[in-house]
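J.: any chance you can model this:
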Amino acid sequence: MRIKRKLFWIAMGGLALLIKWIGSYHPLWIEEYYSRRVFLPIRALFDIFFGWLPFPLIYVFIILLGIWLWKSLQQIGRHSSHWPTRLLHASIGFTAFIGAVIFAFMFLWGFNYGRVSMEDQLGIDPQPLNKEEIWTALQAETEEVVALRAQIPSATAAALARSQLPPGLEKKLRQSLKTWLHENGFPAWSNARAHKIYPKGIFMRFSSSGLYFPFTGQGQVDAGLHPLQWPYVMTHEMGHAYGFGDEGTCNFLAYVACAASDDPVIAYMGRLAYWRTLATSYLRYEREAYQAFRADLPEGMQADLDAINDNLRAYPDIMPKVRYAAYDAYLKAQGIKEGMLNYSRVMMLVKAWKEKVVEEEKK
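T.: Next up is the predicted model:
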């Protein structure tokens with residue numbers, strides 16, 4: 001029976017990969033039958049059973065996985081003292097485990113990587129930005145960000161702090177994201193979560209800030225992040241939870257959801273995160289020009305940027321090249337051809353989206 005069960009999971013893993021391969025040629029099928037049908041009740045069940053938990057379920061998952069692996073190793077050791085037999089059982093068991101992981105990952109969330117792209121569903125045409133376009137976007141965003149910070153009653157020349165975040169931050173972010181998704185034709189009727197996870201720096205030391213974990217249906221945000229980064233990163237992870245795998249798309253969702261918030265603190269912090277993406281891109285072209293531009297920013301905004309950078313330096317990367325290569329390979333395996341460069345795709349989406357909004361306002 002155990003061999004049959006293991007062979008079953010090997011087959012299910014292979015079936016999931018086959019469906020993924022076929023779906024890569026038919027994104028409309030994935031969109032209609034998985035993302036908008038199968039996935040929605042899965043998302044709802046996660047929220048019903050686990051949405052009330054005050055802590056990340058990934059802690060429990062890791063403990064249970066460790067116990068299961070330990071028992072599995074003990075069972076392999078009891079099969080035979082003959083090492084070729086043990087090796088055979090271990091190989092079959094490991095392959096079955098991988099097959100089960102692949103099937104669960106794809107069924108619970110992973111097929112969303114193959115859905116119709118955000119730009120096709122919104123009817124926009126994102127194009128790469130040249131240096132001049134990045135500079136223009138950075139200047140325009142700066143005006144908006146400065147104006148938003150001026151609307152925060154408690155803002156001073158000092159960096160904004162955790163105490164200035166609105167109560168019920170996660171709920172406010174979720175509602176803003178759900179509203180935007182509904183208004184633009186995307187179903188999102190469950191209550192995704194984005195928990196903070198400890199120890200601090202667990203993601204930041206690998207050049208990351210959060211993680212959506214499909215096996216628990218929850219987003220995790222590194223507790224070491226500066227509070228100025230929380231709104232954008234939390235919304236990004238909730239974007240994954242609502243069925244979007246593409247990193248650039250989730251950055252875009254974080255931008256539009258935060259920007260649409262009626263709370264100036266959320267709007268400011270979310271748009272400041274996007275401002276930093278533009279600034280980083282322009283810095284690669286014109287370092288001296290950027291530094292002069294940054295030095296002329298209002299004191300309060302400079303203080304916010306300095307606070308974020310100082311906090312990031314407190315969690316230096318561990319093997320950044322290895323992390324980059326590994327996650328780059330993972331994204332490409334999921335059909336995201338540009339790999340890690342996909343994160344900066346948000347600039348293309350935001351520009352195209354703004355152009356569409358302007359055109360619609362003219363009509």
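J.: which residue packs closest to residue 218, ignoring adjacent ones?
T.: residue 193 (5.0 Å; C-beta to C-beta, 6 or more residues apart in numbering). Where C-beta positions appear, they are placed from N, C-alpha and C, glycine not excepted.
J.: what is the neighbour count of the one you found?
T.: 25 (other C-beta atoms under 10 Å).
J.: and it, how far from residue 134?
T.: As judged by C-beta to C-beta, to the nearest Å, residue 193 and residue 134 stand 34 Å apart.
J.: next: residue 156.
T.: 30 Å.
J.: more crowded one of these two?
T.: More neighbours surround residue 134 than the other of residue 156 and residue 134, with 23 against 11 (other C-beta under 10 Å).
J.: residue contacts, that one?
T.: 278, 281-282, 285, 347 (C-beta atoms under 8 Å, 6 or more residues apart in numbering).
J.: pull the distance from the lengthiest helix in the chain to the chain's centre.
T.: In the chain, taking DSSP state H as the definition, the longest helix is helix 83-108. Put simply, helix 83-108 sits 28 Å off its chain's centre (C-alpha atoms, centre = their mean, to the nearest Å).
J.: secondary structure element holding the one residue sitting closest to the centre of the chain?
T.: Closest residue to the average C-alpha location of the chain: residue 237 at 4.2 Å, with C-alpha atoms, centre = their mean. Using DSSP states H and E, the element containing residue 237 is helix 230-241.
J.: residue 195: what secondary structure?
T.: strand (DSSP: H, G, I helix; E, B strand; the rest coil).
J.: look up how far residue 237 lies from the closest residue to it other than its chain neighbours.
T.: Nearest residue to residue 195 in three dimensions, chain neighbours excluded: residue 56, at 4.2 Å (C-beta to C-beta, 6+ apart). For residue 56, the distance to residue 237 equals 11 Å [C-beta to C-beta].
J.: ok, now how distant is residue 217 from residue 96?
T.: Residue 217 is 24 Å from residue 96, by C-beta to C-beta.
J.: all helices for the stretch 201-350 of the chain, in order.
T.: For the stretch 201-350 of the chain, the helices defined by DSSP state H, counting those that start in this stretch cover 230-241, 247-259, 264-285, 287-295, 299-313, 320-333, 346-362.
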